[in-house]
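Chemist: starting from these lines, generate the structure:
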Amino acid sequence: MADINIVQEHHLAPEQARAAAQQVADKLAEQFELACRWEGDVLRFERSGVNGSLTLRPNQAQVQIALGFPISLMAGQVEAKVVEKMRKVFVA
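Modeler: Prediction:
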């Protein structure tokens, strides 16, 4: 298994941060066929072999992903894509 933990600073209003988080989740869902659901300020996503969350805090978004085998073999690629998307959507 591989774990990915990404923290992205932002200066967005809560509504904007939630919309940005949804964009990240939509991209992950599209690429990895994930089911996503909001629980307060936490967006949870999962499928067989992948589970994680995107937590919104004031001025910060944190993604935690646990990858099972065989997806863990692509951990570097997954992390790079998530980092890139988060930088794009959380920059005001």
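Chemist: Leu43 is in contact with Gly52, correct?
Modeler: No - the pair Gly52 / Leu43 is not scored as a contact, 9.2 Å apart, by Cβ atoms under 8 Å. For every residue, glycine as well, the C-beta is placed using N, CA and C.
Chemist: give me the common contacts of the two.
Modeler: Applying Cβ atoms under 8 Å, 6 or more residues apart in numbering, one finds that no residue jointly contacts Gly52 and Leu43.
Chemist: and the strands in the protein?
Modeler: Assigned by DSSP state E, the strands in the chain fall at 2-9, 35-39, 42-47, 50-57, 60-67.
Chemist: same list (those) but as JSON lines, adding mean pLDDT, distance to Gly76 and mean neighbour count.
Modeler: Shown next, in JSON lines, are the strands of the chain (pLDDT from 0 to 100; distance: least, Cβ to Cβ, whole Å; neighbours: other Cβ atoms under 10 Å):
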{"stretch": "strand 2-9", "mean pLDDT": "94", "distance to Gly76": "9", "mean neighbour count": "14"}
{"stretch": "strand 35-39", "mean pLDDT": "95", "distance to Gly76": "23", "mean neighbour count": "12"}
{"stretch": "strand 42-47", "mean pLDDT": "94", "distance to Gly76": "19", "mean neighbour count": "17"}
{"stretch": "strand 50-57", "mean pLDDT": "94", "distance to Gly76": "15", "mean neighbour count": "18"}
{"stretch": "strand 60-67", "mean pLDDT": "95", "distance to Gly76": "11", "mean neighbour count": "19"}
